[in-house]
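Trainee: The sequence and its predicted three-dimensional model are supplied below.
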Amino acid sequence: MSVFDRIKQAIFGKAQAAPVSQPASAAPQAAPAPAAGAKPTSSQAAPAALVTEPATGAPPPAETRPADIEQILNAAVKKSGQKLDWRHSIVDLMKALGMDASLAERKELAAELGYSGDSNDSAKMNIFLHKALMKKLSENGGKVPADLLD
């Protein structure tokens with residue numbers, strides 16, 4: 001899995017873990033196959049409203065609200081117990097999510113996000129990474145604060 005995918009999963013996974021309006025017992029379950037020639041009963045067909053994504057168990061993307069990136073990352077910082085500035089630092093953002101924020105990991109993320117500068121100039125690369133990540137999270141269904149999209 002790519003570094004961006006791990007970040008996305010860490011953020012959007014937290015958003016999808018929010019309580020769902022339907023009780024857990026309403027989740028679709030596999031029904032036994034009908035006997036040969038038998039007509040399926042209503043209990044054997046899951047209603048369309050209960051269809052979920054197989055990998056996450058979350059409703060399909062069209063039915064979900066955008067993940068509030070600010071709220072999720074603020075909560076992650078609080079949970080970490082560290083003083084982290086995710087709004088300005090890619091390293092702090094990754095630490096807040098419990099991820100490896102090493103230079104090697106950031107260089108891999110830079111390659112994924114199309115960084116064409118000198119990856120040995122970590123200050124410039126980190127600025128690029130933070131901006132590019134915010135943009136990419138926004139493009140993938142995240143609600144990113146407007147001041148971080150400039």
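Mentor: Okay, I see it.

Trainee: Buried residues, the longest helix seen in the chain. List them.
Mentor: Longest helix of the chain, by residue count under DSSP state H: helix 122-139. For helix 122-139, burial by neighbour count (16 or more other CB atoms under 10 Å) applies to 122, 125, 126, 128, 129, 130, 132, 133, 134, 136, 137, 138. For the C-beta atoms, the positions are set from N, CA and C on the backbone; glycine is no exception.

Trainee: next structured bit after the lowest-mean-pLDDT helix or strand in the chain?
Mentor: Using mean pLDDT, DSSP states H and E, helix 3-16 stands out as the lowest-scoring helix or strand of the chain, at a mean of 86. Downstream of helix 3-16, the first helix or strand assigned by DSSP states H and E is strand 67-68.

Trainee: Against which helices or strands is that following strand packed?
Mentor: helix 3-16, strand 142-143 (3 or more CB pairs under 8 Å, 6 or more residues apart in numbering; DSSP states H and E).

Trainee: want to try CSV for these, with distance to residue 80 and mean neighbour count as columns?
Mentor: Formatted as CSV, the helices and strands packed on strand 67-68 follow (distance: least, CB to CB, whole Å; neighbours: other CB atoms under 10 Å):
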stretch, distance to residue 80, mean neighbour count
helix 3-16, 12, 18
strand 142-143, 20, 18
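
Trainee: Just put those in a markdown table and tack on distance to residue 73.
Mentor: Listed next are the helices and strands packed on strand 67-68 as a markdown table, based on distance: least, CB to CB, whole Å:
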| stretch | distance to residue 73 |
| --- | --- |
| helix 3-16 | 7 |
| strand 142-143 | 10 |
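
Trainee: Which of those sits closest to residue 102?
Mentor: Nearest of the helices and strands packed on strand 67-68 to residue 102, taken as CB to CB: helix 3-16 at 10.7 Å.

Trainee: angle of that closest one against helix 122-139?
Mentor: Orientation check (axes from the mean of the first three to the mean of the last three CA atoms, to 10 degrees): helix 3-16 against helix 122-139 gives 50 degrees.

Trainee: what's helix 3-16 in contact with?
Mentor: 1, 56, 58, 64, 67-69, 72-73, 75-76, 93-94, 97-99, 105, 108-109, 112-113, 133, 136-137, 140-142 (CB atoms under 8 Å, 6 or more residues apart in numbering).
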